[in-house]
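**Student:** Need a 3D model of the following:
(2 chains)
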Amino acid sequence: MDDLCLRMLDRFQHDLPICAAPYQAMADELGCTEDDILQRLTLLNERKALSRVGPVFEHSRAGASTLVALAVPEVRIEEVAAQINAFDEVNHNYLREHNWNLWFVLTGPSREHLDQTLEKIEQLTGLAPLDLPMLTAYQIDLGFALGKNSQVPT
Amino acid sequence: MNSALSIEQQQQLRRLLENGLPLTSRPYQVFAEQINSSEHAVIEHVQGLAEQGLFRRFGIVVKHRALGINANVMLVMDIEDERVHQVGEALGEAPGVNLCYRRPRRPDWPYNLFCMVHGRDRQAVEAHVLELLQQHNLQQRPHHLLFSTRAFKQRGGRYNQTGTI
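**Tutor:** Down below sits the predicted model:
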C-alpha cells in the first residue's frame, strides 16, 4: 500500500462528501487525480480489503440491532455458524474464546423483528441466545487509523 | 422528509447504499439509472438521510483483516453502575479503542461494559489492553478478554427486510 492509499484511508473512512463526483472530491483534497483514487479503491477491492464505499448506518436510527452470543458445543461450531450466517439479519459473526463462543450482530427494522429472529435461532439451534442490546455508546467510530498517526497497537 | 423519490425508490436506494457506491466517476448517476430517477434527486435524498443523522459515518469501509489488522479482542468488564458512564467515556476516548458500549448484564453474563480493540497481533493487543486497564485503575474489576479466532461473516447491517440483492 503506497502513501497516497494510506492518506486516502486515513482521511476518507468518514466525511466523504455526498456530491455528484465524490472520487474527484477525494482527489482534489488529496492532491491527485480521480483515476489515482479509483485505481487504489479497485485494488483494495480486488485484495478483498474494501467492504464498500458509503454509509455505515446508525443502528438506533436506521432500525434495531443487538449483540448476540451462543454457547455452542465445540463439535457443532461449523454447523451452527453456517445456520447463523444464513440469516439475512446477521452480520459480523465471530468465533471467540469463551464459553459463550459464537458472537454476532443482529439488525432489523424493529425490536419485534429481532425478538422473532432470536426465537427462530433458538428453535433452529436448540441453544438459548444471550441478547445484549446496546444501552449507551461511548465511542462508535468504526474507522481505523492506518497511516503515520495510527493508534492501532503494533 | 420531502423527497422526489417514491417510497419504493427510497427502499431500492437504501439497499443500493448498503452495498456501497459503484467505483466509477458518477456513482449516483448509476444508482439513478437503476431506480429510474435522476442523479440530482438521488444525491438530494442521500444528503437528506445524512442530515437526519441516519449515518454514523460516510466513507470508505475497510475489511481490517485484509489490511493486516489480524487481532481483535472484545474486552468485557463489570463496572459499578454508579461509575460505568465515567469509565465508558474515558475508555471511549482512549487510543486504540474502536468501540465502547454499555450493555445489560444477564443471569449468565456479569459484564456491562464492552470495548473493541484491534491490532496487528495478539501480543500487541493484549499488552495494550493491560495498559488501558492499569491506566484507568480497572485491573481489580472483573473482566475478560474475548479474542476472536475466526470470522464467519463480516459485512454491514441490513435494516430493510423486504429483500436482498
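**Student:** Residue of chain B closest to chain A, please.
**Tutor:** Residue nearest to chain A within chain B: residue B:20 (2.6 Å; Cβ to the nearest Cβ). For the C-beta atoms, the positions are set from N, CA and C on the backbone; glycine is no exception.
**Student:** Test my guess that that residue contacts residue B:62.
**Tutor:** No - applying Cβ atoms under 8 Å, one finds residue B:20 not in contact with residue B:62, separated by 11.9 Å.
**Student:** Now the common contact residues for the two.
**Tutor:** Common neighbours of residue B:20 and residue B:62, using Cβ atoms under 8 Å, 6 or more residues apart in numbering or on different chains, are residue A:51.
**Student:** For residue B:153, give me phi and psi.
**Tutor:** The phi/psi pair for residue B:153 (degrees, to the nearest 10) reads phi -160, psi 140.
**Student:** That one: neighbour count?
**Tutor:** Neighbours of residue B:153 under the rule other Cβ atoms under 10 Å in any protein chain shown: 17.
**Student:** what's the nearest residue to it if we skip its chain neighbours?
**Tutor:** Excluding its sequence neighbours, the residue lying closest to residue B:153 (Cβ to Cβ, 6 or more residues apart in numbering or on different chains) is residue A:93, at 4.0 Å.
**Student:** and if you look at residue A:53?
**Tutor:** Nearest non-adjacent residue to residue A:53, counting by Cβ to Cβ, 6+ apart: residue B:21, 4.7 Å away.
**Student:** so the one you found, which of the three states?
**Tutor:** Recorded secondary structure, residue B:21: coil (DSSP: H, G, I helix; E, B strand; the rest coil).
**Student:** any idea of the pLDDT on it?
**Tutor:** As predicted, residue B:21 sits at a pLDDT of 98.
**Student:** Surely it and residue A:55 touch.
**Tutor:** No - with contact defined as Cβ under 8 Å, residue B:21 does not count as touching residue A:55 (9.5 Å).
**Student:** What residues does the residue nearest to residue A:53 make contact with?
**Tutor:** With contact set as Cβ under 8 Å, 6+ apart, residue B:21 has these partners: A:22, A:52-54, B:27-28, B:31.
**Student:** ok, now with 7 Å
**Tutor:** Applying Cβ atoms under 7 Å, 6 or more residues apart in numbering or on different chains to residue B:21 gives the contacts A:22, A:53-54, B:27.
**Student:** and which of those residues is nearest residue B:78?
**Tutor:** residue A:54 (36.9 Å; Cβ to Cβ).
**Student:** and the closest residue to the closest one other than its chain neighbours, what is it in contact with?
**Tutor:** With sequence-adjacent residues excluded and distances taken as Cβ to Cβ, 6+ apart, residue A:54 is closest to residue B:20, at 4.4 Å. By Cβ under 7 Å, 6+ apart, the contact set of residue B:20 is A:52-54.
**Student:** Show me what the one helix or strand residue B:33 maps to is packed up against.
**Tutor:** In the assignment (DSSP states H and E), residue B:33 maps to helix B:27-34. Contacts defined by 3 or more Cβ pairs under 7 Å, 6 or more residues apart in numbering or on different chains; DSSP states H and E place helix B:27-34 against helix B:7-19, helix B:39-51.
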